[in-house]
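All I have is the shape, not the residue letters:
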């Protein structure tokens, strides 16, 4: 009934593109943002954004555009990101734009319902609904916490898999003389997980071990981690005897992937079979802010899309967040990154003036840095107005670039840099 009502509301919306850009929170979109928002759906869209360029607003506005102007029902659009908070925030922002529109055309009888979730939540939901297509005879038990007890169970399960398949000789380095797993066994657990994520783990037996480990979980009707859920879903999508690919394709017309720079090989391979189908994809990300290389994210995924003839690329390069001195310094740091997808595309500041950057050199004990932070605290600026960015120079001498009355250069630390935000009472946090 809800889907039926929503369809009626969607069909009743009448809005021109000019009227669309008069909506609150959309009307201030700049020219580059508008091009990305209004891109067609006959080809996939890649939006490469710089820090502070309005990436999230552009993504949410594009979702609303697909619904209001392209007339795609909300239940046929899926927005995916990496954290619950981000998914909830974008859902809230999108529905805030649509609520007055729905009020106008349905007299408040219907409300918009945006489908926004994490990639983990998406694959988890697919497995719960379609477990038979994935290889389970009954709905599996999910043990997704990482408590010591669950990790111990996972350790025992991997050990049993090795023993039952006579693989101790291959992985002897992870066992004591008495045949029990040694302290290094946790590294093997980590390597199996990394290999499932698509990371290269180059030693004999790892591929077979992962295969048998997955089979063991299926036989016990138990899955122990989101990584293995994603792996099982991916395997089923590629399995010609499974209907899972057709089931997913029948549900969605458009998928929008946020923070695409953080997607790993496993996640990308899960969606890749749909990239050149009737399903439309919008990928949004900032490769300068990729921080998940440790779990398999790879800049080559974005660079492959740049070469795809079925993908149109749009750039958001105007920084609305920081003063121009920080943007200029940020460009210097970003130019040190090899293999950037946004190579030769510097970030442009929207602001004209701003405080100058102070450079404080410090030793391994951070003595001078502590003094600099204390100076900022005593200056009266709020915690949100202070940030510092660290970079190791060619001579291994550390420097801190700090600026007041500004937010940090980016919400994440670029590769080859670290950023720490300092707060009063000696507390310290980093993203």
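Now that the structure is in, tell me what you want to look at. All of these numbers come straight from a predicted model, not from anything done at the bench.

what about residue 235, distance to residue 164?
21 Å (Cβ to Cβ, to the nearest Å). Backbone N, C-alpha and C define where each C-beta goes, glycine included.

what's the answer for residue 334, then?
50 Å.

Please state the backbone phi and psi of residue 55?
Main-chain torsions, residue 55, degrees, to the nearest 10: phi -60, psi -50.

Now it: closest residue in space that isn't a chain neighbour?
residue 49 (3.8 Å; Cβ to Cβ, 6 or more residues apart in numbering).

got it, and residue 201?
Residue 201 sits nearest to residue 195 (Cβ to Cβ, 6+ apart), 4.4 Å away.

what pairs with the residue nearest to residue 55 across the strands?
residue 316 (DSSP bridges).

Go ahead and confirm it touches residue 316.
Yes: assessed by Cβ atoms under 8 Å, residue 49 is found in contact with residue 316 at 4.0 Å.

Give me the more crowded residue out of those two.
Neighbour count, other Cβ atoms under 10 Å: between residue 49 and residue 316, residue 49 has more, with 29 against 25.

need the contact list for the more buried one.
Residues counted as contacts of residue 49 (Cβ atoms under 8 Å, 6 or more residues apart in numbering) are 55, 58, 284-286, 315-317.

measure it to residue 84 for me?
Distance from residue 49 to residue 84, by Cβ to Cβ: 22 Å.

cool, and residue 363?
41 Å.

between those two, who's got more neighbours?
residue 84 (13 against 10).

quick one, what contacts the residue nearest to that one when sequence neighbours are not counted?
Leaving aside its chain neighbours, residue 84 sits nearest to residue 118 (6.1 Å; criterion: Cβ to Cβ, 6+ apart). Listed by Cβ under 8 Å, 6+ apart, the contact set of residue 118 reads 80-84, 87.

confidence score at residue 118?
Residue 118 is assigned a predicted lDDT (pLDDT) of 97.

What about it? Give its phi and psi, please.
According to degrees, to the nearest 10, residue 118 has phi -80, psi 160.

Not counting sequence-adjacent ones, nearest residue to residue 217?
residue 223 (5.5 Å).

roughly how far apart are the one you found and residue 136?
Residue 223 is 9 Å from residue 136, by Cβ to Cβ.

who's more crowded, the two?
Neighbours were tallied for residue 223 and for residue 136 using other Cβ under 10 Å; the higher tally belongs to residue 223 (24 against 18).

Isn't the more buried one up against residue 128?
No: the pair residue 223 / residue 128 is not scored as a contact, 10.4 Å apart, by Cβ under 8 Å.

name the helices or strands packed onto the lengthiest helix in the chain?
Scanning the chain for the longest helix, with DSSP state H as the assignment, gives helix 84-106. Counting by 3 or more Cβ pairs under 8 Å, 6 or more residues apart in numbering; DSSP states H and E, the packing neighbours recorded for helix 84-106 are helix 2-12, helix 55-68, strand 77-81, strand 116-118.

The third one - what's its average pLDDT?
When pLDDT is averaged over strand 77-81, the result is 98.

Quick one: neighbours of the residue nearest to residue 354 when sequence neighbours are not counted, just the number.
Leaving aside its chain neighbours, residue 354 sits nearest to residue 323 (2.0 Å; criterion: Cβ to Cβ, 6+ apart). For residue 323, the neighbour count with other Cβ under 10 Å is 21.

of residue 334 and residue 164, who's got more company?
Neighbours were counted for residue 334 and for residue 164 using other Cβ under 10 Å; residue 334 has more, 24 against 10.

Not counting sequence-adjacent ones, nearest residue to the more buried one?
residue 288 (5.4 Å).

State the pLDDT value of the one you found.
Value for residue 288, per-residue pLDDT: 92.

just residue 354 next, same as before
For residue 354, pLDDT reads 89.

Can you get me a residue count around it?
18.

Just give me the closest of the contacts of residue 118 to residue 254.
residue 80 (11.1 Å; Cβ to Cβ).

Identify the bridge partners of the closest one.
The partner residues for residue 80, given DSSP bridges, come to residue 117, residue 257.

separation between it and residue 332?
Relative to residue 332, and taking Cβ to Cβ, residue 80 is found at 33 Å.

For the two, indicate the residue with more neighbours.
residue 80 (23 against 11).

is it true that residue 323 touches residue 353?
Yes: counting by Cβ under 8 Å, residue 323 touches residue 353, with 7.0 Å between them.

Can you pull the residues that touch both of these two?
In contact with both residue 323 and residue 353: no residue, using Cβ under 8 Å, 6+ apart.

in what helix or strand does residue 312 lie?
Taking DSSP states H and E as the criterion, residue 312 maps to strand 311-316.

following that strand, which helix or strand comes up?
strand 318-319.

now the next helix or strand after that following strand, how far from the centre of its chain.
Sequence order places helix 324-334 as the next helix or strand after strand 318-319, per DSSP H and E. Computed by Cα atoms, centre = their mean, to the nearest Å, the chain-centroid distance of helix 324-334 equals 24 Å.

Pull out the buried residues from helix 324-334.
If you call a residue buried by 16 or more other Cβ atoms under 10 Å, then helix 324-334 has these buried ones: 325-327, 329-331, 333-334.

Using a markdown table, lay out those residues together with pLDDT and distance to residue 122.
Below are the buried residues of helix 324-334 laid out as a markdown table (pLDDT from 0 to 100; distance: Cβ to Cβ, whole Å):
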| residue | pLDDT | distance to residue 122 |
| --- | --- | --- |
| 325 | 94 | 41 |
| 326 | 93 | 36 |
| 327 | 95 | 35 |
| 329 | 93 | 38 |
| 330 | 93 | 33 |
| 331 | 94 | 35 |
| 333 | 91 | 34 |
| 334 | 92 | 31 |
